[in-house]
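[1] Here is a sequence with its predicted model. Questions after.
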Amino acid sequence: MPIATSTTTSGRLLSLLSLLQVRRDWPGLLLAERLGVSERTVRRDVDRLRELGYVVHAVKGPDGGYRLEAGSQVPPLLFDEDQAVALAVALRIAVGTGAGIEEAAARALATVRQVMPVRLRQRIDALEIEPASGGAQVDTELLVALSTAIRAREELRFDYLAPGHESRQRRVQPHHLVVRAGRWYLVGWSPERDDWRTYRADRMTLRVPNGPRFTPRQVPGGDVSAFLSARFKGSDTVNAWPCRGEVVLALSLADVAPFTGDDTAEEVGPAKTRLLTGSWSWAALAAKLARFDAEIEVIGPPELREAFAELSERAARWSVTQQAAAAADPLRRSPTLHAPAGSAG
């Protein structure tokens, strides 16, 4: 059945290119039927695509046909309106991720937007995306090199600079490249440690050449996003904090919700919110909850109550120590401000 095509040459080229992209081989007669033109017109349009830089091979056989191959350079691209909008939306999201590729994404977005009809520009300009903060800049060439090694299943050698440590060489079998909270992470298997490891891409300096090929493994649980989230929470296999507690905060749900993340919050009364949350230790969980600066009723477990008691005792000891030091050293006391002589009261 012929597809709806434009009578203009550019419209036919767009339709032809769209068809060539959806399957490997196309018989010339079938292309002509789908486009509603003659086989001779198909041959002329294929030649025009070749002139634009597309690598279209003629397929030998009783029916003949055409195959679109990858070229050595990026040719001019043709998109329908829905594809152009989807591309622009993706680029707007990339600009706002804080993932270190904002500049390249912004240049690409400007190029796409420049050739869009006014009605499409207005749709894109109406899209509001809050930019992420705290992202570390990452060279796009590094991201490409990591992705290439993952696809080729080649070991990587790189120098890794962790905070507070000297740069150390690592050898890793790369499996996944993930962006999270504005940072790129490489998830891979370390033959040296016989375990999974995660590395921030902005702290990596690759060595060349790559190492030998390897047989890929499956991350624990099969979900790399859940695995990475679990690692951040101090767990190897389960996407959950090792220490979880339940409290009631003397705050409204509207006051608590912006800070809950993946926690569970439920309003249980006027200015009362039940919160189920977690952290990597009971002390850290108590400190996390104390930051709300509100009355807290601990529902459980007992370990959380004990952590609050220890936190309170520690703060009291610190306060006593500071008061004693201030009493022994007058210079440590808060200065008293006096009005200059002759000034108005």
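    Perfect, thanks for sending it.

[2] Keeping just the C-alphas, turn whichever strand in the chain runs longest into CSV.
    Among the segments of the chain that qualify as a strand by DSSP state E, the longest is strand 168-180. This file holds the C-alpha atoms of strand 168-180, laid out as CSV (Å, rounded to 0.1, in the frame of the first residue of the first chain):
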residue,chain,number,x,y,z
ARG,A,168,45.9,4.8,41.0
GLN,A,169,45.8,2.6,37.9
ARG,A,170,42.7,0.4,37.5
ARG,A,171,41.9,-2.5,35.1
VAL,A,172,38.2,-3.1,34.6
GLN,A,173,35.8,-5.0,32.3
PRO,A,174,33.3,-2.2,31.4
HIS,A,175,29.6,-3.2,31.2
HIS,A,176,27.4,-0.1,31.6
LEU,A,177,27.7,3.7,31.4
VAL,A,178,25.1,5.4,33.5
VAL,A,179,24.2,9.0,34.2
ARG,A,180,22.8,9.8,37.7
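
[3] Quick check: buried residues in it?
    For strand 168-180, a neighbour-count test (16 or more other CB atoms under 10 Å) marks 170, 172-179 as buried. The way it works is simple: take the backbone N, C-alpha and C, and place the C-beta from them, glycine included.

[4] Who are the packing partners of that strand?
    helix 140-152, strand 156-160, strand 183-190, strand 195-200, helix 224-232 (3 or more CB pairs under 8 Å, 6 or more residues apart in numbering; DSSP states H and E).

[5] Same list (the ones you listed) but as TSV, adding distance to residue 33 and mean pLDDT.
    Formatted as TSV, the helices and strands packed on strand 168-180 follow (distance: least, CB to CB, whole Å; pLDDT from 0 to 100):
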stretch	distance to residue 33	mean pLDDT
helix 140-152	37	87
strand 156-160	49	94
strand 183-190	46	90
strand 195-200	52	90
helix 224-232	44	77
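
[6] Put together a markdown table for the ones you listed, with distance to residue 305 and mean neighbour count on each row.
    Shown next, in a markdown table, are the helices and strands packed on strand 168-180 (distance: least, CB to CB, whole Å; neighbours: other CB atoms under 10 Å):
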| stretch | distance to residue 305 | mean neighbour count |
| --- | --- | --- |
| helix 140-152 | 46 | 15 |
| strand 156-160 | 40 | 18 |
| strand 183-190 | 35 | 21 |
| strand 195-200 | 33 | 16 |
| helix 224-232 | 26 | 18 |
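
[7] From the centroid of the chain, which residue is nearest?
    In the chain, the C-alpha nearest the mean C-alpha coordinate belongs to residue 179, at 2.9 Å (CA atoms, centre = their mean).

[8] State the three-state secondary structure for residue 216.
    For residue 216, the secondary structure call by DSSP: H, G, I helix; E, B strand; the rest coil comes out as coil.

[9] And it, how far from residue 224?
    Computed as CB to CB, to the nearest Å, the residue 216 to residue 224 distance reads 12 Å.

[10] Same question for residue 308.
    According to CB to CB, residue 308 and residue 224 sit 36 Å apart.

[11] again with residue 265
    The gap separating residue 265 from residue 224 is 27 Å, by CB to CB.

[12] that older thread, could you export the helices and strands packed on strand 168-180 as a markdown table, including distance to residue 296?
    Below are those laid out as a markdown table (distance: least, CB to CB, whole Å):
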| stretch | distance to residue 296 |
| --- | --- |
| helix 140-152 | 43 |
| strand 156-160 | 40 |
| strand 183-190 | 32 |
| strand 195-200 | 33 |
| helix 224-232 | 25 |
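
[13] if we compare those, which one ends up closest to residue 93?
    Nearest to residue 93, of all the helices and strands packed on strand 168-180, is strand 183-190, at 15.3 Å by CB to CB.

[14] Sheet-wise, list the partners of the longest strand of the chain with their directions.
    strand 156-160 (antiparallel), strand 183-190 (antiparallel) (DSSP bridges).

[15] Run through who's touching the shortest one.
    If I follow you right, that is strand 156-160. Contact with strand 156-160 is made by 146, 149, 167-174, 186, 188, 199, 203-207, 210-211, as judged by CB atoms under 8 Å, 6 or more residues apart in numbering.

[16] hmm, back to that, shared neighbours of residue 216 and residue 224, anything?
    Counting by CB under 8 Å, 6+ apart, the contacts common to residue 216 and residue 224 are residue 175.

[17] ok so, going back, tell me the spacing between the residue nearest to the centre of the chain and residue 225.
    The gap separating residue 179 from residue 225 is 10 Å, by CB to CB.

[18] Chain neighbours aside, what residue packs nearest to residue 146?
    In space, and not counting its chain neighbours, residue 146 is closest to residue 177: 5.3 Å by CB to CB, 6 or more residues apart in numbering.

[19] now residue 266
    residue 274 (4.7 Å).

[20] Can I get whichever helix or strand that neighbour is part of as PDB, trimmed to CA atoms?
    For residue 274, the host element (DSSP states H and E) is strand 272-279. Provided in PDB are the C-alpha atoms of strand 272-279 (Å, rounded to 0.1, in the frame of the first residue of the first chain):
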ATOM      1  CA  LYS A 272       1.900  15.800  61.100                       C
ATOM      2  CA  THR A 273       3.700  13.600  58.500                       C
ATOM      3  CA  ARG A 274       4.600   9.900  58.800                       C
ATOM      4  CA  LEU A 275       8.000   9.300  57.100                       C
ATOM      5  CA  LEU A 276       9.600   6.000  56.300                       C
ATOM      6  CA  THR A 277      13.200   6.600  55.300                       C
ATOM      7  CA  GLY A 278      16.700   5.100  55.500                       C
ATOM      8  CA  SER A 279      20.400   5.600  55.500                       C
END
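
[21] This completes my enquiry, with thanks.
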